[in-house]
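Peer 1: Here's a sequence, model it:
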Amino acid sequence: MTIRRTGLPAALLLCAAALAAPAFPAHAAAAPQDTAASSLPTVTPRAETAALHDDEQGGNADADDPAIWRNADAPGRSLVIATAKEGGLRVYDLDARQVQSVPAPPPARPDDAPGRFNNVDLLHGVRLATGRTDLAVVSDRGHDRLRVYRIDRDRPGGPLTDVTDPAAPAIFSAGQEEINEQDTAYGLATWKDAATGRSYALASRNNRTTVALLELTPRPDGTVGYRRVRTLDLPASFRLPNGATWAPCGEPGELPQVEGMVVDPANGMLYAGQEDVGVWRMRADLTGAPTLIDRVREYGVPAAYDEASDACLPTGADPGFGGDRLAADVEGLTLLTEPDGDGYVLASSQGDNSFAAYDREVGDANEYEGGFRVTAASPTLDGSEECDGAAVLNAPLGAQYPGGLLVVQDGRETPVEGDREATGFKFVALTDVLDALDD
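Peer 2: Just a heads-up that it's a prediction; the model follows:
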């Protein structure tokens, strides 16, 4: 497959995290160390944002998930909009300089959970009472809601304006007590139905297998609300070829959740990454039966949660039912499209710091096409470790990135300031990514 250097804008959520050993997070069974990923082609960043710190001194900001907004009138003045969890949103220019900081909403009451922005995605040309506009849609994990922001590049005070309907309901929770438990809105993908012109968001639920379809509903006052159309529950346990039943390991009461999601607008297919299971394909309207197109290597490996270490430890041998290209967690998924219909479904493989590319064509059973890694450009400009998200835009972005841009979250920013943990975002020329995939 040949991927051109220009094309239609496409948001790409990617991430990779370092493999932990010998203990593993409670949401993942022990993964084997994979040497195949080290032989994949690599790309390096050209710029990075200032570090974010998840502590009182740093404003409780933890970099998570970016989206790239293209300024059609002046592509060199495009923006990166990124979530910082309790730190809200950050907006950067193409030089990776911050141009706006938007706080997350405060707690409803002093003892309630604060706003916590997890994932962000974009919708283009949405008709509001105030006219057509582009929107940034955010999953507010702290309040179990969507937050919606109008994008206006030249607005005094910053390009983002909150246009969320104040009466917008909780997505999954029945009340504030349930919201405080934080089994709330987590992953996010947006989608516009070309046949009807209606705009949707798909939200997954933290610690559960549920995905909800939400229709965005513009209000007469220029705000945006939403209504829940339907939900779908992915499996929490699986029948293995040897007849045994297997469930991914997690803390007591936690089920294998979904975070990374992307919709192919050409055929209305949703791709969803169930973190400890693999990549699912299903209709974006959440009707019909999901298909598991690939599994993580840890699929079927028996493991149990160990309270002392707060980790999942293997309790038996690998039966060999997992896949070959993904190491848990599967986090970010995205679609890299081309005008002629070619393209890739890209999935981040956190367990071995790599990204897997699958053929976009459903008729070809989403065949695996290759992969790549993001590595350090220099001792002071590192790659991406423990990444929670990334985005790519396959369109010219001025003189800085004439062939498009990849933005990747770095979950372990270097150099480290003492014991302070730091995160940030790295900017990579998309031409380098496409060269890697062409190898």
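Peer 1: Please count neighbours and contacts with C-alpha atoms only from this point.
Peer 2: Will do.
Peer 1: Does residue 82 touch residue 61 like I think?
Peer 2: No: here residue 82 does not reach residue 61: they are 11.2 Å apart, not a contact under C-alpha atoms under 8 Å.
Peer 1: With neighbour numbers in mind, choose between the two.
Peer 2: residue 82 (32 against 26; other C-alpha atoms under 10 Å).
Peer 1: nearest spatial neighbour of that one, skipping sequence neighbours?
Peer 2: residue 66 (4.0 Å; C-alpha to C-alpha, 6 or more residues apart in numbering).
Peer 1: could you measure the one you found against residue 277, distance?
Peer 2: 24 Å (C-alpha to C-alpha, to the nearest Å).
Peer 1: Check residue 226 too.
Peer 2: For residue 226, the distance to residue 277 equals 30 Å [C-alpha to C-alpha].
Peer 1: Counting neighbours, go ahead and name the busier of those two.
Peer 2: Neighbour totals were compared for residue 226 and residue 277, and residue 277 leads with 32 against 23 (other C-alpha under 10 Å).
Peer 1: List the residues that contact the more buried one.
Peer 2: Applying C-alpha atoms under 8 Å, 6 or more residues apart in numbering, one finds that residue 277 lies in contact with 248, 256, 295, 296, 298, 299, 328, 330.
Peer 1: Show me those residues that map onto strands.
Peer 2: Counted as lying in strands by DSSP state E, out of the contacts of residue 277, are 295, 330.
Peer 1: Just the closest of the contacts of residue 277 to residue 369, please.
Peer 2: residue 295 (15.5 Å; C-alpha to C-alpha).
Peer 1: Now residue 37: phi and psi?
Peer 2: With angles defined as degrees, to the nearest 10, residue 37 sits at phi -60, psi -30.
Peer 1: That one touches residue 350, doesn't it?
Peer 2: No: using C-alpha under 8 Å, residue 37 is not in contact with residue 350; the gap is 11.0 Å.
Peer 1: hmm, back to that, give me the buried subset of the contacts of residue 277.
Peer 2: Buried members of the contacts of residue 277, scored by 16 or more other C-alpha atoms under 10 Å, are 248, 256, 295, 296, 298, 299, 328, 330.
Peer 1: Can you check the pLDDT for residue 34?
Peer 2: Residue 34 is assigned 54 on the pLDDT scale.
Peer 1: about what we covered before: can you redo the contacts of residue 277 as JSON lines, where the extra columns are pLDDT and distance to residue 176?
Peer 2: Output for these, formatted as JSON lines (pLDDT from 0 to 100; distance: C-alpha to C-alpha, whole Å):
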{"residue": "248", "pLDDT": "97", "distance to residue 176": "29"}
{"residue": "256", "pLDDT": "97", "distance to residue 176": "24"}
{"residue": "295", "pLDDT": "97", "distance to residue 176": "36"}
{"residue": "296", "pLDDT": "95", "distance to residue 176": "35"}
{"residue": "298", "pLDDT": "95", "distance to residue 176": "36"}
{"residue": "299", "pLDDT": "97", "distance to residue 176": "35"}
{"residue": "328", "pLDDT": "90", "distance to residue 176": "32"}
{"residue": "330", "pLDDT": "89", "distance to residue 176": "30"}
